[in-house]
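Q: Here's a sequence, model it:
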Amino acid sequence: MSLRRSAFLFAAVMMITLSSQAMADKVRIYIGTYTEGLSKGVYTCEFDDEAGTLSEPVLAAELKNPSFLAIHPTGKFVYAVNEISEGPGRGQGGVTALKVNADGTLTKINDQVSEGGAPCHCNVDATGKNLLAANYVGGNIVVFPINDDGSLGPVSCNMQHEGSSVDEGRQKAPHAHSINLSSDNRFAYAADLGIDKIMIYQLDAEKHALTPSNPPAALVTQGGGPRHFAIHPSGNFAWTNNEMTMVVTGFRRDAATGALFAIQEISTIPGGYNGRKSTAECLVHPTGKFLYVSNRGHETITAYAIDQETGLLKYLENEQTGGKEPRNFYIEPKGKWLLAENQNSDSVFVFSIDQETGMLNPTGKSITVGKPVCIRMLHAAK
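A: Residues are numbered from 1 along each chain as shown. As a prediction, this is how the structure comes out:
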């Protein structure tokens, strides 16, 4: 082969390689919203995880209040709650199954009622056979079988929470606020704001069913209002953000039994703050070294360092999110970037994460989306 031809082939291979790498750097984002003002449903854009930039979002599927989303392990389907409630008791909430198209748009497959009102959180289990959802109004956790074509069957299991707590305004009845699964797919954890408990269930993926674990729950301090829940990558620790007190409760977790044992309570805000108190999301960094919590009213995300031996948190900082009413945020799998949504200022801001200190650094990069609530990455599905 001539030197000239060899050089040409080498250049061609390099161009293909670089092109493939450039394409690999861009991942599909889906954004759940409340359909008020600017929003009409689920939006999509691309995130460049090398540059830390987001493309202009476009409408992927027109839906009513698709606030929280979950992605199927195959990446072929997206599921959205329809956060709707038509009054006290069990309202008219539901869930929608959507097929992912080549251009990133979504096509509706089918809908199912959620047997409760205002479903506000959902997750697909590791087998891809079950969608679990939490109904805020009604205070129950439901399971939907997922068929091979991505469609959802009717509710196969309905776990009704019971009880109340000390806040007469918000805790007269159960309010299931999230549902999360352990990495081994054996346990499901439901944070219930109304009864100040983390309910613990065992999942039978093949039977599309939940059963109460032993013990069936873990308590937080009364009046806290647990909202979301995060498990350390080791499986040995877990945390919930208490919405009403802006306090994080840390737990030691027994990976064999799923049991939780409270080990710490720590504030998400500096001393002396007298404004509105309302946390939204808590997430562990992929390395397991840091925990982050979003604060509504304070308009910040709190960063903590995690002691890898004890699971105890050490406060690091509060970083402004660049807008109003920070909700869910997303840490991409490499742990380099955090995407923060601001519901009441229609924005998503990008922050870089210092891999050594855990500190958040504003990049100044953002996009506009009407009332964003949840972010999910297509390639990050598990």
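
Q: Residue ranges in the stretch 201-350 of the chain under the pLDDT threshold?
A: By pLDDT under 70, the stretch 201-350 of the chain has no low-scoring segment.

Q: For stretch 97-114, give me every contacting residue.
A: Contact with stretch 97-114 is made by 28, 30, 42, 44, 46, 58, 60-61, 63, 75-82, 92-96, 133, 135, 142, 144, 146, 149-155, 378, as judged by C-beta atoms under 8 Å, 6 or more residues apart in numbering. The C-beta positions use only the backbone N, C-alpha and C, and glycine is treated the same way.

Q: In ChimeraX, select just the buried ones from those.
A: To isolate the buried members of these in ChimeraX, using 16 or more other C-beta atoms under 10 Å:
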select :28,30,42,44,46,60,61,63,77,78,79,80,81,82,93,94,95,96,133,135,142,144,146,150,151,152,153,155,378
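
Q: In strands, which of the contacts of stretch 97-114 fall?
A: 28, 30, 42, 44, 46, 58, 60-61, 77-82, 94-96, 133, 135, 142, 144 (DSSP state E).

Q: what's the spacing between stretch 229-247 and its chain's center?
A: Averaged C-alpha coordinates place stretch 229-247 at 13 Å from its chain's average position (C-alpha atoms, centre = their mean, to the nearest Å).

Q: just the CA coordinates of that stretch, formatted as PDB?
A: What follows is stretch 229-247 as a C-alpha-only set of coordinates in PDB (Å, rounded to 0.1, in the frame of the first residue of the first chain):
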ATOM      1  CA  PHE A 229     -35.000   9.000  49.200                       C
ATOM      2  CA  ALA A 230     -31.500   8.100  48.100                       C
ATOM      3  CA  ILE A 231     -29.400   5.000  48.700                       C
ATOM      4  CA  HIS A 232     -25.600   5.000  48.800                       C
ATOM      5  CA  PRO A 233     -23.900   3.000  46.000                       C
ATOM      6  CA  SER A 234     -22.600   0.600  48.700                       C
ATOM      7  CA  GLY A 235     -26.100  -0.100  49.800                       C
ATOM      8  CA  ASN A 236     -25.000   0.500  53.400                       C
ATOM      9  CA  PHE A 237     -26.500   4.000  53.900                       C
ATOM     10  CA  ALA A 238     -29.500   6.000  52.800                       C
ATOM     11  CA  TRP A 239     -31.000   9.400  53.300                       C
ATOM     12  CA  THR A 240     -34.400  11.200  53.100                       C
ATOM     13  CA  ASN A 241     -35.000  14.900  52.800                       C
ATOM     14  CA  ASN A 242     -37.700  16.100  55.200                       C
ATOM     15  CA  GLU A 243     -39.700  18.600  53.200                       C
ATOM     16  CA  MET A 244     -41.300  20.600  56.000                       C
ATOM     17  CA  THR A 245     -38.300  21.100  58.300                       C
ATOM     18  CA  MET A 246     -35.400  21.200  55.800                       C
ATOM     19  CA  VAL A 247     -33.600  18.500  57.700                       C
END
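
Q: Can you give me the buried ones in that stretch?
A: Buried residues in stretch 229-247 (16+ other C-beta under 10 Å): 229-232, 235-247.

Q: and the residues you listed, which of them are in strands?
A: Within those, membership in strands is found for Phe229, Ala230, Ile231, Phe237, Ala238, Trp239, Thr240, Asn241, Asn242, Val247, as judged by DSSP E.

Q: Give me the distance between the closest residue to Ala259 other than its chain neighbours and Gln264.
A: Counting by C-beta to C-beta, 6 or more residues apart in numbering, the nearest residue to Ala259 once its immediate chain neighbours are dropped is Pro215, at 5.7 Å. Pro215 sits at a distance of 19 Å from Gln264 (criterion: C-beta to C-beta, to the nearest Å).

Q: Of the two, give the one with the bigger neighbour count.
A: Gln264 (17 against 14; other C-beta atoms under 10 Å).

Q: Got the phi and psi for that one?
A: When read as degrees, to the nearest 10, the backbone of Gln264 gives phi -160, psi 150.
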